[in-house]
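Asker: 3D model of this:
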Amino acid sequence: MTFKSIDSIFTDMNIQKKFIILSLTFSLFSIAFSAPSEAKPKQGKQTTSTKESLKEPSVSSSDQSPTSTSLLRQGFGFASFSNLGGSSTALSTWLDLDSGISIQGLFAIGSTSPFEFGIGGMVRKIMHGNEETGLHLGGGLHLGTSSITGSSKFYISVVPVGGFHFLFPGTKSIGFSFDGGPVFEVRNSTFNFSTVALSPLLGLSIHYFL
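Answerer: So this is what the prediction gives:
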């Protein structure tokens, strides 16, 4: 059985130590060079999350206020409706129910002796155009009293109408409307029918919109 000498044993140990030291040195260099490459994706993730946190919260379409190009108008003025309470003009109010339908209220006092008055209303629907300029169809109901041979007689009129409307150029506050159509009237128990403009001014109505 052969035994190594003490010098050869120490020599082998020194070689092993050197090998271990070289292995540790190589491992440390590998870790040092691989650490920055592994840190880069993390840094990118942090940057992305930071950008996302800085983004403003998105607003859903349901939370956004709808933009509307039209307003529900209210106005007052006068209407040149003949035979409304025996008067050639009437006080008038205007109210938009939506962007296509409006209501016009009418009131007139033609005389106090004999007493003549008229009250009524009309509904219009825009068929072409918009509330600024367009064509409309509608209908109305008028009732009141008017003088016949010196005495007041009750009447009621049903008026289907058609016409056109527009705003005074350069303003959105003054509107004009012209209306005409058949008039079905019962006056003093007598039925009358005519197809004319509602007045010599072609059923003109003028309103100032608030």
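
Asker: give me every residue that touches Arg124.
Answerer: Ile101, Ser102, Ile103, Gln104, His136, Leu137, Gly138, Val161, His165, Ser177 (CB atoms under 8 Å, 6 or more residues apart in numbering). Where you see a C-beta, it was placed from the backbone N, CA and C, and this is true even at glycine.

Asker: Out of those residues, which end up buried?
Answerer: By neighbour count, with 16 or more other CB atoms under 10 Å, these hold Ser102, Gln104, His136, Leu137, Gly138, Val161, His165, Ser177 as buried.

Asker: Thr93: which of those residues is nearest?
Answerer: Within the buried ones among the contacts of Arg124, the smallest distance to Thr93 is 7.0 Å, found for Gln104 (CB to CB).

Asker: nearest spatial neighbour of that closest one, skipping sequence neighbours?
Answerer: Nearest residue to Gln104, sequence neighbours excluded (CB to CB, 6 or more residues apart in numbering): Met122, at 4.5 Å.

Asker: what sits against that neighbour?
Answerer: Ile103, Gln104, Leu106, Gly138, Gly139, Gly140, Val159, Val161, Asp179.

Asker: and these, which of them are in helices?
Answerer: Nothing among the contacts of Met122 maps onto helices, per DSSP state H.

Asker: got a list of what Ile156 touches?
Answerer: By CB under 8 Å, 6+ apart, the neighbours of Ile156 are Leu141, His142, Leu143, Glu185, Val186.

Asker: Look up how far Tyr208 lies from the third one.
Answerer: Going back to what we said before, that points to Leu143. Per CB to CB, to the nearest Å, Leu143 is found 26 Å from Tyr208.

Asker: Leu22 belongs to a helix?
Answerer: Yes. Under DSSP: H, G, I helix; E, B strand; the rest coil, Leu22 falls within a helix.

Asker: To what extent is it buried, counted in neighbours?
Answerer: Applying other CB atoms under 10 Å, we find 10 residues neighbouring Leu22.

Asker: Looks like Pro114 contacts Gly150 (just checking).
Answerer: Yes. Look at Pro114 against Gly150 with CB atoms under 8 Å: they come within range, at 6.7 Å.
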